[in-house]
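In: I would like to see how this sequence folds:
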Amino acid sequence: MKRIVIIEAESIVRKHLSNLLKTEGYEVLGMFSASHEAINLMKFEKPDLVISSTRTKDRFDTIEMMLGSDLGRDVPVLFITGVIDSSIINRYQLTKPVAILSKPIDEYLLKKTLNDLLQPVVSFNLFTNCFR
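Out: Numbering: from 1, shown residues only. Below you'll find the model as predicted:
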């Protein structure tokens with residue numbers, strides 16, 4: 001089971017994301033309103049993905065957090081944001097995120113993105129049985 005950490009200032013958004021992730025079969029390793037709390041957990045537990053808002057309750061910029069921490073380089077990050085403009089996108093790109101989604105969160109797009117990022121690709125040969 002893939003493990004995900006949520007960093008989001010708004011409790012209602014954290015709960016919504018958590019419920020959605022659990023319904024989709026993911027384990028929510030932790031939900032945090034402050035980025036420093038998430039960093040403390042990730043020192044001991046390595047998630048498969050971090051879903052993070054741009055700003056958290058501790059007013060810490062999560063982009064800066066990811067740039068200033070080894071954890072940000074070791075764990076894939078999906079950013080969710082209510083502000084999308086070229087300067088913000090350029091800052092996000094510094095952290096090499098696996099995806100950036102805008103708020104309000106489109107559940108279909110989030111599910112598809114998570115599936116693309118976290119599910120193994122199964123390949124098979126369609127022609128195997130055709131020539132036997």
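In: Could you tell me how many residues sit around the closest residue to residue 103 other than its chain neighbours?
Out: Nearest residue to residue 103, sequence neighbours excluded (C-beta to C-beta, 6 or more residues apart in numbering): residue 82, at 4.2 Å. Placement of C-beta: from N, CA and C, glycine included. The number of residues packed around residue 82, counting by other C-beta atoms under 10 Å, is 10.
In: show me what contacts residue 82?
Out: By C-beta atoms under 8 Å, 6 or more residues apart in numbering, the contact list for residue 82 reads 54, 102, 103.
In: What residues does residue 80 make contact with?
Out: With C-beta under 8 Å, 6+ apart, residue 80 has these contacts: 8, 51, 52, 53, 54, 100, 101, 102, 103, 105.
In: cutoff 10 Å now
Out: Neighbouring residues of residue 80 by C-beta atoms under 10 Å, 6 or more residues apart in numbering: 6-8, 13, 17, 51-54, 99-105, 110.
In: again, but for residue 4
Out: Going by C-beta under 10 Å, 6+ apart, residue 4 touches 17-18, 21-22, 24, 26-31, 47-51, 78, 114, 118.
In: Quick check, central residue of the protein?
Out: residue 51 (2.6 Å; C-alpha atoms, centre = their mean).
In: So what are the sheet partners of the helix or strand hosting that residue and their directions?
Out: Residue 51 belongs to strand 49-53 when assigned by DSSP states H and E. Next to strand 49-53 in the sheet, as set by DSSP bridges, lie strand 3-7 (parallel), strand 77-81 (parallel).
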